[in-house]
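Undergrad: Quick one, structure for this:
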Amino acid sequence: MENHRKPVATFMLTRKFRLRLAAVLLLCWALPCYAHAILLSATPAVNQVIKGPDIEVKLRFNSRIDVKRCRLLLLAPDGKLRSLAIDDSSGADTLISHATGLAKGSHMLRWQVLASDGHISRGEVPFRVE
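TA: I've put the predicted structure just below:
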C-alpha cells in the first residue's frame, strides 16, 4: 500500500491560499457596509448669499437614496424649524424642494437621507437670504 499524503509545504501553501482568499472575500463584502451618501452639490450652496423670499432647494448625492425616507428641515433666523416637502420630481440621487416666504438673515438647511446601502447620512447647508 502506498502512502498518498501531500507534502507539508503543499498543504501549508493551500492553507495560506484559502485563508487569503477568505480574507479578500470578507473584505470585499465588508467594504460596501461603510459607504454613506455624501453630498456632492447643493443649491443653495454652502454659505451662499441668495435673493429671497422663494428659492429652489436641490441636493445631489454620490449614491442612490430612498427619497421616501429622506427629510429636509429649514431653520430660520428666528429659530423656528419647519419641514420642507420633497418634490416627486426628485431623482434617484437628488432631493428637490422649494422654500417660500424666507425672511432675510441666516438660514440652515438640515438634511437626512437613507442611502441604498441602508445607512443614514445627515448634514447641514448654511446660507443667507438678503
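Undergrad: Got the phi and psi for the residue nearest to the spatial centre of the chain?
TA: The residue lying closest to the centre of the chain (Cα atoms, centre = their mean) is Ala37, at 1.3 Å. In terms of degrees, to the nearest 10, the main-chain angles of Ala37 are phi -70, psi 130.
Undergrad: Spatially, and excluding backbone neighbours, which residue is closest to it.
TA: What sits nearest to Ala37 in space, not counting adjacent residues and going by Cβ to Cβ, 6 or more residues apart in numbering, is Ala115, at 3.9 Å. (Glycine included, C-beta is placed from N, CA and C.)
Undergrad: Now for that neighbour, how many residues are close by?
TA: Here the number of neighbours of Ala115 (other Cβ atoms under 10 Å) works out to 20.
Undergrad: That one contacts Ser63, doesn't it?
TA: Yes - counting by Cβ atoms under 8 Å, Ala115 touches Ser63, with 5.2 Å between them.
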